[in-house]
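Q: Have a look at this fold, sequence not included:
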């Protein structure tokens, strides 16, 4: 970081070897910059400690310089890790992040997207809904810049950022089948209106079996209301008490996997020798468990960066 004076946009441009306009495009999240140039500019921003003049920009635009991140649970490691990535991505672009936890409450989620046009506190929302259905998302304030995370399909009035849950779950199940396991269980199905993520993972689980010409043991697909440790532990205990327990388990989150592993170890079983386990989310806790959790790793940093950039584009195209 330079000392003695404030680092300017021009300083960043000189270090990165690009124009000031290119630096501005990167900082403000505009899409018309190559990934290679974006990385070079970001490295220069980090090296110099550049921060945009948020106050001046906000005064000129009539905006707050704040965005909101709305998630179901803050105590879930996936969301807490994603939150940190969103804050970092927003900060380098001169924005602060307000945080709201909905607990999956349908009316609270509806209020946030139906009364956003006033935007007294924030200019746009990155939203991970749990209680609202796809139809409810479509019935929202059209003036609110919105980016939705997860499995909800966009109606064109907002951006959607997520990963291919079906493909990821298929790969996870194929990994277990490649180990020679043939009684593979799945923990986490949610066959109801707002359980899209779980339903897509179940679809990938079934596809992996179908593509191998293997029977899906439907009675080994266990529904769970939440993706947490207790649900994983209880479901694993139920599976082990059966006459024909599974030799592998695909868990719909790493927390579910940690709970399942806890039950397996407490029953005197070895992981993965007796029962192989794979999770989903690549949370830090899974790397320090014993044994560590094999997992599907969504790129949380890329999800966060893309969501922030798309939201800023939405904000920039909205007349204050």
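A: Yep, it's here. Note that the structure is predicted; figures quoted are calculated from it, not measured.
Q: next SSE after the lowest-mean-pLDDT helix or strand in the chain?
A: Lowest mean confidence among the helices and strands of the chain (mean pLDDT, DSSP states H and E): helix 54-61, at a mean of 54. Later in the chain than helix 54-61, the nearest helix or strand by DSSP states H and E is strand 66-71.
Q: Pull the contacting residues for residue 166.
A: Counting by C-beta atoms under 8 Å, 6 or more residues apart in numbering, residue 166 touches 200, 201, 203, 204, 207. C-beta: built from backbone N, CA, C; applies to glycine.
Q: ok, so of those, who is nearest residue 213?
A: Checking these against residue 213 by C-beta to C-beta gives residue 207 as the nearest, at 12.1 Å.
Q: Just give the nearest non-adjacent residue to that closest one, would you?
A: Counting by C-beta to C-beta, 6 or more residues apart in numbering, residue 170 is the residue found nearest to residue 207 once chain neighbours are left out, at 4.9 Å.
Q: residues near that neighbour, how many?
A: Per other C-beta atoms under 10 Å, the neighbour tally for residue 170 reads 21.
Q: for it, phi and psi?
A: In terms of degrees, to the nearest 10, the main-chain angles of residue 170 are phi -60, psi -40.
Q: and if you look at residue 144?
A: Torsion angles, degrees, to the nearest 10, at residue 144: phi -90, psi 120.
Q: Likewise for the one 3 residues further on?
A: When quoted as degrees, to the nearest 10, the phi and psi of residue 147 stand at phi -120, psi 130.
Q: Give the full set of residues in contact with it.
A: So residue 147 contacts 124, 125, 126, 127, 158, 159, 160, 161, 307, 310, 311, 314 (C-beta under 8 Å, 6+ apart).
Q: out of those residues, what pair is the most spread apart?
A: Every pair of those checked by C-beta to C-beta; the farthest is 124 and 160, at 14.4 Å.
Q: Who has more neighbours out of these two?
A: Comparing residue 124 with residue 160 by other C-beta under 10 Å, the one with more neighbours is residue 124, at 27 against 18.
Q: and the gap between the closest residue to the more buried one other than its chain neighbours and residue 68?
A: Leaving aside its chain neighbours, residue 124 sits nearest to residue 145 (3.3 Å; criterion: C-beta to C-beta, 6+ apart). Residue 145 is 10 Å from residue 68, where distance means C-beta to C-beta, to the nearest Å.
Q: shared neighbours, the two?
A: With C-beta under 8 Å, 6+ apart as the test, residue 145 and residue 68 both reach 124, 125.
Q: low pLDDT regions in the stretch 51-200 of the chain?
A: 52-63, 115-120, 152-156 (pLDDT under 70).
Q: what do you get if the cut-off is 90, keeping everything else the same?
A: Within the stretch 51-200 of the chain, the ranges that satisfy pLDDT under 90 run 51-66, 75, 92-94, 103-123, 130-144, 150-160, 191-197.
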